[in-house]
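# got a predicted structure plus its sequence, pasted below:
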Amino acid sequence: MTRPSAVPGTTGSGARDRFGTGPAATSDQPAQDPGTASRSGSDFLQGPLAPTPASPTEDRAPVPDDNRFEQVLETLRRQIRDLEFAEALPGAEEGRTLQADVLAQLSDYVLPRVRRPDIPLLIAVAGSTGAGKSTLVNSLVGEQVTTTGVRRPTTNSPVLACNPADVDWFGESSFIPSLPRVRQQGLAMPGKDGMLVLAATEAMPQGVALLDTPDVDSAVAAHHEFAAKFLDAADLWVFVTTSTRYADARVWEFLQVARDRDTSLAVVLSRVPRRGRRQLLDHFGAMLEANGLGTAARFAIPETDQIRGGRFTSNVADHVRDYLAEVAGESEQRDRVSRRTFVGVIESFRTRVPELARQVESQIETGRILATAVDDAYATARHRIETGLGDGSLLRGSLLARWQEVTAGGELAKSLRMRGRRARRGGRVEQAERSQRVGALERAIREALEALVVSSCERAGDEVEQRWREIPGAGELAAKALNQPGTGLLAQQIRQEIAEWQRGVAEMTTASGATKRSVARFVTFDHDVVALVLIIDLLGYERSRSGGGAHAAESSGPSPQRLLKGLFGAQSLRSIGGAARDDLGKRILGLLERERVPFDSALAAAGIPSEDSAVQLYQATYNLEIAK
């Protein structure tokens, strides 16, 4: 977890002497007295050069096995990279933000430093709009490498100044690969938003890079993301704000991130007016103390118009440059700064990764609730159908009327005939009426079953939709499910399944051994009619009669079970009836399964994290603790 104590070319005081060695800017105005510059910052500083104190976590952090440590980090990165979040569901926005944040810092900061500990020290200069960050960067380097101006935001793309020998360190293959970049010599002209400008200059010591980032409070939202991305990849933050904007919420959001991660931090308060200067510095210092940032290095730059060539012509920023030269030049201080930030980031994963896991758990729990709503609704629909099939409730209205017409017309008796005796031929009108009554009963059975299944499925779908819409963001999933191709074909599928089932029941009555032997020797019968009688019995005819009341009176008439037992016997009738019920149950279950498919498919396509995702993150956090 350690960085080398020195980078080639930056050992000793040589780097300190070279930091910002460009030609001095000239001005017709007299240079500010060095003593004034010192006073403008020294009474706001913590210590002579405000060296970043050692973190408590730094001293207790053991040196890990590098190979094992890298493997654990790579596993964690892969697990976080592969996470999915369901759009709009609870935890999605927070989860994606945490995912992108941790993943970027693993990929852009932690792993590169584990693999190549001699990577140049990256100092990111960030802060408020109009704080003079670019002017400060140019002054620190000693020549103009980034543009300045009154247009806001001035820095629309980040500019990284480094020694020409270090440019390759910040190429596409090594530093934030997802970000496009362009290399320029000398003054870096503004690139398009989102493009990193690499400005190579001999004024920068080898092994140190200085990054001018977009404003953290820019009116351009994308600039916030760029600033955060580069701060995540930096070893040291130099945060610049003004005497008029230091209390802004956005400023403290970033400073609190640095505090929570124990990042090496220097704070610069710029454009400080002479009048009220002491009160401003005291108030800002008190705010830093109150927010747990009392140990951060602090600097003040007075309000000045002594600027030419994009940098200060006076020595108002010398104390900041001296501090950075000390950090960059002394191997012990340099290692302390980089180590503190690195250890702080690793320590922050102890809370950031579990917080990400909690957002994953939130999505998983929401997924369970949504899936349970589907399971419950269609289980209830199945129970409702099974109850309706056996309690006799279907034997009313049109179906009961058609049954009574068949029984009153003597169709049951007419369907039976003695073997060897020719069937009595009725007139054409009588045969047509008989066929019509039997056909009407068959259709009534089919329509009653269809109505029961359709109403139960539609009710289940409505229940799922209602419960899903009660969950924030799940209404969109419900809409997608209901708009999937193939929905609305339920009635057609039910008619087909019932027709096949009715034919199957008729075939059961013709099976060898179904009819009692004593009956089979002397009697033949119309199997289609007997199948209808069996279906009436399966629909709970006897139960509807024994229930009493008006329905019992309506169901009066010949008992289908008496006829069926006479033909098949009790045991054979139970066997046929059980097989018919099972067949109908399987067909209805298949219909219910097909009806719930749109909801199941919507859930499967939503991107809800897998059940073991959160567990893997917790395990990865534990493994990281062990590997440290």
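In hand now; what should we look at?
# isn't there a helix covering S601?
Yes - S601: assigned to a helix according to DSSP: H, G, I helix; E, B strand; the rest coil.
# residues in contact with it?
S601 sits next to 481, 484 when contact means C-beta atoms under 8 Å, 6 or more residues apart in numbering. The way it works is simple: take the backbone N, C-alpha and C, and place the C-beta from them, glycine included.
# again, 7 Å this time
Applying C-beta atoms under 7 Å, 6 or more residues apart in numbering to S601 gives the contacts Q484.
# now stretch 611-628: mean pLDDT?
The average pLDDT for stretch 611-628 rounds to 92.
# tell me the buried residues in it?
Using 16 or more other C-beta atoms under 10 Å as the test for burial, stretch 611-628 gives 613-614, 616-617, 620-621, 623-624, 627-628.
# show me where the stretch 1-150 of the chain has its helices.
For the stretch 1-150 of the chain, helices defined by DSSP state H, counting those that start in this stretch occupy the ranges 14-18, 34-42, 56-60, 66-81, 92-105, 111-115, 133-141.
# that should have said the stretch 351-500 of the chain, apologies.
397-408, 411-414, 428-469, 474-482, 490-510.
# looking at the ones you listed, which is nearest to D108?
helix 474-482 (33.1 Å; C-beta to C-beta).
# which secondary structure elements does the closest one contact?
On a contact count with 3 or more C-beta pairs under 7 Å, 6 or more residues apart in numbering; DSSP states H and E, helix 474-482 meets helix 428-469, helix 570-605.
# tally of neighbours for Q492?
Neighbour count for Q492, taken as other C-beta atoms under 10 Å: 10.
# same check, this time on V316
Look at V316: counted by other C-beta under 10 Å, it has 26 neighbours.
# and what about it, helix, strand or coil?
Following three-state DSSP, V316 is assigned to coil.
# quick one: it from H283, how far?
Using C-beta to C-beta, to the nearest Å, V316 is found at 21 Å from H283.
# same thing with A499?
Distance of A499 to H283, given as C-beta to C-beta: 85 Å.
# do you know how far the most centrally placed residue in the chain is from T387?
Residue closest to the mean C-alpha point of the chain, counted by C-alpha atoms, centre = their mean, is F85 at 1.8 Å. F85 sits 41 Å away from T387, taking C-beta to C-beta as the criterion.
# what do you get for A104?
Applying C-beta to C-beta, the value for A104 to T387 is 57 Å.
# comparing those two, which residue is more hemmed in?
Using other C-beta under 10 Å as the criterion, A104 and T387 rank with A104 on top: 18 against 13.
# can you show me the strands along the stretch 301-450 of the chain?
Assigned by DSSP state E, counting those that start in this stretch, the strands in the stretch 301-450 of the chain fall at 307-308, 311-312, 416-418.
# state the pLDDT value of S40.
S40 is assigned a pLDDT of 38 by the prediction.
# how about E442?
So E442 comes in at 91 (pLDDT).
# how about it: what's its closest non-neighbour residue?
Counting by C-beta to C-beta, 6 or more residues apart in numbering, E442 lies nearest to L532, which is 6.1 Å off, once chain neighbours are set aside.
# cool, G473 as well?
Nearest non-adjacent residue to G473 (C-beta to C-beta, 6+ apart): A88, at 3.3 Å.
# go on, K414?
Per C-beta to C-beta, 6+ apart, closest to K414 is R434, 6.9 Å.
# from V505, how far out is that neighbour?
20 Å.
# which of those two has more neighbours?
V505 (22 against 19).
# my read: that one touches A580, true?
Yes - shown here, V505 and A580 form a contact pair, counting by C-beta atoms under 7 Å, at 5.0 Å.
# helix or strand with the lowest mean pLDDT in the protein?
helix 34-42 (a mean of 34; mean pLDDT, DSSP states H and E).
# ranges for the strands of the stretch 151-300 of the chain?
159-162, 181-185, 196-200, 208-212, 236-242, 264-272, 297-302.
# each with direction, which strands does the fifth one pair with?
Here strand 236-242 has these sheet partners by DSSP bridges: strand 121-127 (parallel), strand 264-272 (parallel).
# same deal with the fourth one?
Paired neighbours of strand 208-212 in the sheet (DSSP bridges): strand 121-127 (parallel), strand 159-162 (antiparallel).
# may I see the ones you listed organised as CSV, with mean neighbour count and mean pLDDT added?
Shown next, in CSV, are the strands paired with strand 208-212 (neighbours: other C-beta atoms under 10 Å; pLDDT from 0 to 100):
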stretch, mean neighbour count, mean pLDDT
strand 121-127, 26, 92
strand 159-162, 27, 91
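# low pLDDT regions in the stretch 51-200 of the chain?
Counting by pLDDT under 70, the stretch 51-200 of the chain contains low-confidence ranges at 51-66, 149-156, 185-194.
# contacting residues for L196?
157-158, 160, 179, 181.
# which one of those residues is nearest D375?
Using C-beta to C-beta, L179 comes nearest to D375 of those, at 45.8 Å.
# what count of nearby residues applies to that closest one?
Neighbours around L179, by other C-beta under 10 Å: 17.
# do the one 4 residues further on as well
The local packing count at R183 equals 14, with neighbours defined by other C-beta under 10 Å.
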